[in-house]
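J.: sequence and predicted structure, then a few things I'm wondering about:
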Amino acid sequence: MTTCLLDARRNLRGTAPSRPAAELRVDVEVPLFVEQALIGPQHGRRCLTSDLVPTPTLHRLADQALECRERFLQLAAGSVDLEQDDDLTMFRGDDLLILWREILYGQALADAIRQRGWRRVLWQPSADSNGTARAEVLGRSLEAALGDDIHWQPLPGAAAQGATGARHRVGRRIGNLYRKTRNRLERQWRRPPKAGRCLAIFSTSQWQRFLSAFDDLQEGYGSDLCFWYLGRLERSVVEALGRRRIDLSQVPMPPVVEADIEVLFSRRLQHWRDHGRHQLAEEMACPAVASAPLEGLFETYFRFTFPRACQWKRELEANLRRSSVELVVGSAAFTHTSAMPLLAAQRLGIPSLALSHTYISGDHSPVAASYLACRNNFERQGFARAFPKDARIVRCHNASDTLSYAIDDAQPPILPAKGRRIALLTASPQFHLFAMPLHQLGPWNDTLTALCQPPPDLADLEWVLKFHPRFDLTPHLETLTPGSNVTVYPAKASVHELLADCWLAVLVNHYGGVGVDARLLGVPVVFLDSASYYYPHTDPESLGAERLESPEALWQFVRRLVQEPERYDALQQHNKSLVDASLRSAEMSLSQCLEQGLPEVP
């Protein structure tokens, strides 16, 4: 019997592989990013799952996951028209997209395992808390397809911790019972959160992106601007709003759910068990949906996730009813905690304004706000399907911050003398936080290795490598020995300072708002797509940049620009035309737009 081991360990940041990085595709002992590694004892070697499931199949499954998410919510609500059940409409975002990608990926991976003759699979879930949930879903999907041929292998030391773990579970249950009782009593005397005429409601969904908008709103509303934070308060938000003297209130997740909501979702769970899961499994040709291994996973949604969110939204509505709010401001991010306040305001007839969280939306889930603020025409086009109402677009230059992260002043960048500088901008290949690879992981690493050693004839150019600050693998670069003309730029340093003096910007197997930032700074942009990068529902070519398919193609492209200055002049002219046509920021600020008055439309 042939055995393979599926290992869902996440990357160990700052830990170098014990083998040369060039061998990453076939033989690596410490994975650098979320991967499922298959070890075949007949070779004693390891390969990546992106080599097992063809890239076109992965892209097709990523699209299919969106269909599964929509159909699942329709079946869960018992209605094809989700707009009539906004309690579940809020979940038309990334929350459920992760679930469906991993279920579909598990089915495809199981097929690949069978085709290669592996009959017994040992599955070891990730020890990293960030990857545990994804590994659980993927493992259950594999179990549904492989049956008794998959064996769950406990993490090292798990057996020794069994008794301790049991005591912890009992302790948690007692603690949860105490908190529920305490919160029932507190709710009777809890003071409602403070609300002024303008109310900003945000959660952990990257509220840092909107600090300039908060500053602007405060100038317009003064003490009539208040901020409600959904969930556990973080020190960073307390300090940031405290410096701005903005009133901050917490709206925590409710510890208990009222009886009518529990009864509603109990009925929906029973309908899902009896009919919904079988119907969806047949429609999507995914038998795992109706299987026993995934039954407990779906039950968690109906017994916990959905009811808690609906109760949270109900309490949010109750707080809004007691206020005299004239405008609710939230985020257009595709998470249920971002959609929740917008839907609550919609139900109460309170106007709401969603701030665009990125130039590149990456999803088409509906934005439930009355109005959407965008910085330029390119950003507005990115939300065309999610928010089709052109008459309700508010164009302002500060709908979102120019940087989506805080600059780390403790890591000042050191750049070489100013010359022809090329920025190589990338991100960890698993920055979507899915186990399903959206790149070919081997070519991704091979490309990074090649970029660290530019050809000798391009030695007079300065190459600067920078990772996205939230998806950073900078420590890995130390193992690749960058050449003397290659600088590693700190991930948390300002990308705008880097781009300000750049000759060319290269987006390496990555696509994001930084391409727009580069164009606005007058820097030509090119895409290096050597790992078949998939970013759902976006077209990188809409940014007007040439797409190259290998490091060799990049070297040749740069050589032509150096040898033929008229080519570079044409690139710059093309860049200027794009900026004038769709990228130039709006002139008015958010507060000026509000002072002028929001469009009155039916």
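T.: Perfect, thanks for sending it. Remember, it's a predicted structure, so these values are computed and weren't measured experimentally.

J.: surely V394 is in a helix?
T.: No. Read with DSSP: H, G, I helix; E, B strand; the rest coil, V394 is strand and lies in no helix.

J.: which ones are touching it?
T.: 353, 371-374, 590, 593, 598-599 (Cβ atoms under 8 Å, 6 or more residues apart in numbering). Bear in mind the C-beta positions are built from the backbone N, C-alpha and C, glycine included.

J.: how about E478, secondary structure?
T.: Going by three-state DSSP: E478 is helix.

J.: dump the residue contacts of H275.
T.: L75.

J.: switch to 10 Å and redo it
T.: By Cβ atoms under 10 Å, 6 or more residues apart in numbering, the contact set of H275 is 75, 78.

J.: begin at 179, not 1, for the rest of this chat.
T.: In the new numbering, first residue 179, that becomes H453.

J.: in which helix or strand would I find L377?
T.: strand 376-380 (DSSP states H and E).

J.: pull that strand out as CSV, backbone CA atoms only.
T.: Presented in CSV, the C-alpha positions along strand 376-380 are these (Å, rounded to 0.1, in the frame of the first residue of the first chain):
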residue,chain,number,x,y,z
CYS,A,376,-22.9,61.1,12.3
LEU,A,377,-22.1,57.6,13.4
ALA,A,378,-19.1,55.6,12.2
ILE,A,379,-19.5,51.9,12.8
PHE,A,380,-16.5,49.6,12.1
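
J.: next structured bit after that strand?
T.: Assigned by DSSP H and E, the successor of strand 376-380 is helix 389-399.

J.: how far does the helix or strand that that next one is followed by sit from its chain's centre?
T.: For helix 389-399, the following helix or strand on the C-terminal side (DSSP H and E) is strand 403-408. Relative to its parent chain, strand 403-408 has a centroid offset of 23 Å by Cα atoms, centre = their mean, to the nearest Å.

J.: buried set for strand 403-408?
T.: Going by neighbour count (16 or more other Cβ atoms under 10 Å), the buried part of strand 403-408 is 403-408.

J.: all strands for the stretch 529-678 of the chain, in order.
T.: Secondary structure of the stretch 529-678 of the chain (DSSP state E, counting those that start in this stretch): strands at 530-533, 549-552, 571-573, 599-604, 640-645, 664-666.

J.: circling back: ok, the contacts of V572 vs A468, which is closest?
T.: Nearest to A468 among the contacts of V572: L550, at 38.3 Å, using Cβ to Cβ.

J.: any idea of the pLDDT on the residue nearest to the closest one when sequence neighbours are not counted?
T.: Spatial nearest neighbour of L550, excluding adjacent residues (Cβ to Cβ, 6 or more residues apart in numbering): F565 at 4.6 Å. Looking at F565, its pLDDT is 91.

J.: relative to strand 403-408, how tilted is the strand holding L377?
T.: Inter-element angle recorded for strand 376-380 and strand 403-408: 20 degrees (by axes from the mean of the first three to the mean of the last three Cα atoms, to 10 degrees).

J.: can you give me the mean pLDDT across strand 376-380?
T.: 92.

J.: partners of it in the sheet?
T.: If you go by DSSP bridges, strand 376-380 pairs up with strand 403-408 (parallel), strand 505-509 (parallel).

J.: might one say that T515 is in contact with D273?
T.: Yes. Judged on Cβ atoms under 10 Å, T515 makes contact with D273 at a distance of 8.9 Å.

J.: settle it for me: which of those two has more neighbours?
T.: Higher neighbour count among T515 and D273: T515, with 23 against 18, using other Cβ atoms under 10 Å.

J.: what is the neighbour count of A437?
T.: Neighbours of A437 (other Cβ under 10 Å): 8.

J.: for it, what are its contacts?
T.: Counting by Cβ under 10 Å, 6+ apart, A437 touches no other residue.

J.: just the pLDDT at it, thanks.
T.: A437 is given a pLDDT of 92.

J.: could you say which helix or strand holds the closest residue to D289 other than its chain neighbours?
T.: Spatial nearest neighbour of D289, chain neighbours left out: A323 (7.5 Å); criterion: Cβ to Cβ, 6+ apart. Element membership of A323 [criterion: DSSP H and E] is helix 307-324.

J.: and A696, by the same measure?
T.: helix 692-698.

J.: would you mind identifying the next helix or strand past that helix?
T.: Helix 692-698 is succeeded, C-terminally, by strand 703-706 (DSSP H and E).

J.: possible to save the strands paired with strand 376-380 as CSV with mean pLDDT and distance to H674?
T.: Shown next, in CSV, are the strands paired with strand 376-380 (pLDDT from 0 to 100; distance: least, Cβ to Cβ, whole Å):
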stretch, mean pLDDT, distance to H674
strand 403-408, 93, 27
strand 505-509, 95, 22
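
J.: next, format the ones you listed as JSON lines and append distance to Q457.
T.: JSON lines is the format used below for the strands paired with strand 376-380 (distance: least, Cβ to Cβ, whole Å):
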{"stretch": "strand 403-408", "distance to Q457": "33"}
{"stretch": "strand 505-509", "distance to Q457": "34"}
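
J.: before we move on, back to that, buried subset of the contacts of V572, written for ChimeraX?
T.: Only the buried entries of the contacts of V572 go into this ChimeraX selection, using 16+ other Cβ under 10 Å:
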select :531,549,550,551,552,768,771
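
J.: so which of the contacts of V572 is the closest to L739?
T.: Nearest member of those to L739, counting by Cβ to Cβ, is C552, at 32.6 Å.

J.: L520 is in contact with L498, correct?
T.: No. Contact criterion Cβ under 10 Å: L498 and L520 do not qualify, at 11.5 Å.

J.: neighbour count winner among those two?
T.: L520 (26 against 23).

J.: just say helix, strand or coil for the more buried one.
T.: Under three-state DSSP, L520 comes out as helix.

J.: so it sits right up against L531, yeah?
T.: Yes. L520 lies in contact with L531 (Cβ under 10 Å); the separation is 9.0 Å.

J.: need the overlap of contacts for these two.
T.: Contacts common to L520 and L531, judged by Cβ under 10 Å, 6+ apart, are 506-508, 510, 547-548.

J.: next, count neighbours for A709.
T.: A709 has 25 neighbours, counted by other Cβ under 10 Å.
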